[in-house]
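**Student:** quick one, what's the 3D model for this:
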Amino acid sequence: MIRMRARLLALHVLVVMMLVVLAVRLWQVQVVRGREFVTRATETRTRAVIVPAVRGQILDSHGRPLVRNRTALVVSVDRTRLTRMPDGGLSVLRKLSAVLGRPVKDLQQRITPCGPGVSKPCWTGSPYQPVPLDEKVDTREALQILERQEEFPGVTAEIHSVRQYPGGRAGAQMLGYLQPVTEAELEKREGLKASFSGVDLAGRDGLEYVYDDALRGKSGLRRVQVDRMGKALGVEEQITPIPGDHLVTSIDSRVQGVVEKALARAMKSAPGADGGAGVVLDARTGRVVALASAPGYDPAIWAGGISTRGYQWLLSDKSGNPLVSRAINGQFAPGSTFKISSVSAMLRSGYPLNGTYDCPGSYMVGDRAFNNFHGIGLGSMNLHTALVKSCDTIFYRAAYEQYLKDGGRNPKKDTKEVFANTARAFGFGSPTGVDLPGESSGRIPDRAWKKDLWNRTNAVTCERSRKGYPEVKDRARADFLKRLALENCTEGFLLRPGDSANFAIGQGDVLVTPMQLARAYMALVSDGKLRSPRIGWAQVRPDGTVVKTIPVPVVGKLPISDKERLYIKNALSDVPSDGTAAGAFAGFPMNKIRIGGKTGTAEVWGKKDTSWFASFAPTNNPQYVVVVMVSQGGMGAETAAPAVREIYEGIYGIKRPPAVPGGKLTTRLPRFSPDGTVAGG
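**Tutor:** Numbers count the residues shown, from 1 in each chain. Below you'll find the predicted structure:
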């Protein structure tokens, strides 16, 4: 009996202790951590989904769309729901593969989260967002999915907004493209991270990148109630997204089309040509009217995600690297188009503006003869004729004399380096600041650059001077390279006499971009002010309200007087009629539209010459600056100049309808109706 009571007592004590523990735990859960568990419970009931805004359009100067949105049926998959299925959603993907006509492996790849070792296309978005698989489905395919939802759990077909390019390949590098946002971008761009939905895309290049924040708009928010299995039960809260602004540019799509065709024809006319660029600027304002680069590509290739093979093609040498814009990234020796800087350097050095100069067939620079074109002497002439006839030896002599004044191989403490410094004042050697990403700076080689290059490369060149170039099969070429390596090893830090001579005619180590050259000519023929070109003109709300206009900043001034500037401009005005471009412009109605410009033929070791023509029109009051460059295109007068002529014929409507009626560019933004449509220009 006593034993029984002891057992009951122990049982009572145990029950009481359990009740006490339960009470303490209940108090802890409800009082101490009550708020925490309420928050957790709420989180499991709702999912916050950021709703991307409709992206703004990119328009030309008349409101014509360069990039617009189109509605498309997009098939998307709830990846989380598929992965919870016993077979990981494989059976659903197989059925979807049959409807869409795409391999199961491809569909699996597209819903695979991006990460190390994962090839494109892959998914960068949130697990709570549907993964878009196909943006080009037709109504029949969509209905097969929607009408048999029991066979396609987690699969939807909805109308989405996708990018469309009315001009096709025209200006592809300038416009840019959209791609899923990477983790690295989210970390670098705080504004993007705050509004990232997981499915919206970000500008990755061109105008899409530079004006991404304005074009994207402001994302909305939808808070969805879900059960414990993640199935949506209803919408708890919804904030409507704000559409992005339209970007009105200074591009004239009709002029852009003319430039694209002229550049393509120039490339085709020059066997071996491997790249080209065309730039048209408004000489009055510094705005970009057209910007073309060849070879190009169709930006629609990015829609729906690009494959690894497609991306590699865009960057391959075999395809000509079409993703790279030759207009702002391509760096080439400018040849004689660079003489506008060299003439200015002569004037700054004290050479008389109206002096007489001898143009022999060759000129000795140090111990080496530097020849005129074909070694032909042209007698005595002024600087006007030197530009029109493109005499090289006048510039060789002036550059060499200034080199000697600076001390030659034994430079003075304070060298003037007037040719290099004048070139920088013309904007060469640094980016123009155009509103596009990744612009190249070009190269102006001076004594400091030469020494820096030697410091960075002398270990390699000295090694080569000892071992030579056994991989080069041409023995004469290999021996030359070995001697050159020895010379660079021992005195590569010195600016040589020949370097100064080559510099004066835009050869040697001088490199410029087509945009830099166009910007320099624009300053020369307008008001002498150096501007940073702009493509963006204004941001406009979808209802037509102008948010802001985008100014063209003045960033410098040419280092010559207005008198000197006009002298050079007048000399260039005679090149297409009486100078090196006369053949290319034979029969052009100069009495109606007078064109000025300068040919350039730049030699490239192991390749054909780079063909240039830099121009402006009308010469009395320039409105356009047009520059064309064709890599491996031959002489400037043979390839680039005819292309420039074709562009002017298209602009002014010579033997065809004009791209710009009356030849005058619009100075007013396009007008928008209250519903956002363009009312007029």
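**Student:** what about residue 57, neighbour count?
**Tutor:** By the other CB atoms under 10 Å criterion, the neighbourhood of residue 57 contains 23 residues. Using the backbone N, CA and C atoms, a C-beta is placed for each residue, glycine as well.
**Student:** verify the contact between it and residue 246 for me.
**Tutor:** Yes: with contact defined as CB atoms under 8 Å, residue 57 reaches residue 246; the gap is 4.8 Å.
**Student:** for the spatially most central residue of the chain, report the pLDDT, please.
**Tutor:** Closest to where the C-alpha atoms of the chain average out (CA atoms, centre = their mean) is residue 206, at 4.5 Å. pLDDT, residue 206: 96.
**Student:** what's the spacing between it and residue 173?
**Tutor:** Residue 206 sits 6 Å away from residue 173, going by CB to CB, to the nearest Å.
**Student:** check residue 633 too.
**Tutor:** Residue 633 is 19 Å from residue 173, by CB to CB.
**Student:** how about residue 143?
**Tutor:** For residue 143, the distance to residue 173 - CB to CB - is 39 Å.
**Student:** repeat that for residue 647.
**Tutor:** 18 Å.
**Student:** ok, now residue 222?
**Tutor:** From residue 222 across to residue 173, the span is 36 Å (CB to CB).
**Student:** these two - which one has more neighbours?
**Tutor:** The residue with more neighbours, out of residue 222 and residue 173, is residue 173; 26 against 17, by other CB under 10 Å.
**Student:** torsion angles phi and psi at the more buried one?
**Tutor:** phi -70, psi -30 (degrees, to the nearest 10).
**Student:** quick one: contacts for it?
**Tutor:** By CB atoms under 8 Å, 6 or more residues apart in numbering, the residues touching residue 173 are 205, 206, 293, 296, 322, 323, 324, 325, 327.
**Student:** what about 10 Å?
**Tutor:** Listed by CB atoms under 10 Å, 6 or more residues apart in numbering, the contact set of residue 173 reads 205-206, 277, 291-294, 296-297, 299, 322-329, 436.
**Student:** need the pLDDT of it.
**Tutor:** pLDDT, read off for residue 173, is 96.
**Student:** gap between it and residue 56?
**Tutor:** With distances taken as CB to CB, residue 173 is found 20 Å from residue 56.
**Student:** do the same with residue 82
**Tutor:** Look at residue 82 and residue 56: by CB to CB, they are 34 Å apart.
**Student:** cool, and residue 413?
**Tutor:** 56 Å.
**Student:** now do residue 132
**Tutor:** The separation that residue 132 has from residue 56, given CB to CB, amounts to 20 Å.
**Student:** roughly how far does residue 355 sit from residue 383?
**Tutor:** Taking CB to CB, one finds residue 355 at 7 Å from residue 383.
**Student:** neighbour count winner among these two?
**Tutor:** For residue 355 versus residue 383, neighbours defined as other CB under 10 Å are more numerous around residue 383 (24 against 9).
**Student:** for the more buried one, phi and psi?
**Tutor:** Taking degrees, to the nearest 10 as the convention, residue 383 sits at phi -70, psi -30.
**Student:** nearest spatial neighbour of it, skipping sequence neighbours?
**Tutor:** Excluding its sequence neighbours, the residue lying closest to residue 383 (CB to CB, 6 or more residues apart in numbering) is residue 343, at 5.9 Å.
**Student:** that neighbour: how many residues sit nearby?
**Tutor:** Residues within reach of residue 343, counting by other CB under 10 Å, total 26.
**Student:** equivalent analysis for residue 162, please.
**Tutor:** Residue 162: 18 neighbours (other CB under 10 Å).
**Student:** and for residue 313?
**Tutor:** Counted with other CB under 10 Å, residue 313 comes out at 17.
**Student:** next helix or strand past the helix or strand containing it?
**Tutor:** Secondary structure from DSSP states H and E places residue 313 in helix 308-314. Of the helices and strands lying after helix 308-314 in sequence (DSSP H and E), the nearest is helix 339-348.
**Student:** give me the distance from the longest helix belonging to the chain to the chain's centre.
**Tutor:** Counting by DSSP state H, the longest helix found in the chain is helix 2-27. Centroid separation for helix 2-27 versus its chain: 78 Å, with CA atoms, centre = their mean, to the nearest Å.
**Student:** tell me the mean pLDDT for it?
**Tutor:** Helix 2-27 shows a mean pLDDT of 74.
**Student:** for stretch 586-594, same thing?
**Tutor:** Averaging pLDDT along stretch 586-594 gives 96.
**Student:** make 845 the first number, not 1, from now on.
**Tutor:** I'll keep to 845 as the first residue from here, and by that count the last item is stretch 1430-1438.
**Student:** the residue lying closest to residue 1165 once chain neighbours are set aside: neighbour count?
**Tutor:** Nearest non-adjacent residue to residue 1165, counting by CB to CB, 6+ apart: residue 1159, 6.1 Å away. Neighbour count of residue 1159, defined by other CB under 10 Å: 11.
**Student:** so residue 1159 sits against residue 1153, correct?
**Tutor:** No: counting by CB atoms under 10 Å, residue 1159 sits too far from residue 1153 to count as a contact (11.4 Å).
**Student:** now the strands for the stretch 1245-1394 of the chain?
**Tutor:** Counting by DSSP state E, counting those that start in this stretch, the stretch 1245-1394 of the chain has strands at residues 1373-1375, 1380-1384, 1390-1393.
**Student:** partners of the first one in the sheet?
**Tutor:** Partner strands and pairing direction for strand 1373-1375 (DSSP bridges) are strand 1398-1401 (antiparallel).
**Student:** so how far is the strand it pairs with off the chain centroid?
**Tutor:** 23 Å.
**Student:** for stretch 1045-1059, same thing?
**Tutor:** A distance of 11 Å separates the centroid of the chain from that of stretch 1045-1059, by CA atoms, centre = their mean.
**Student:** can you check stretch 1313-1325 too?
**Tutor:** 37 Å.
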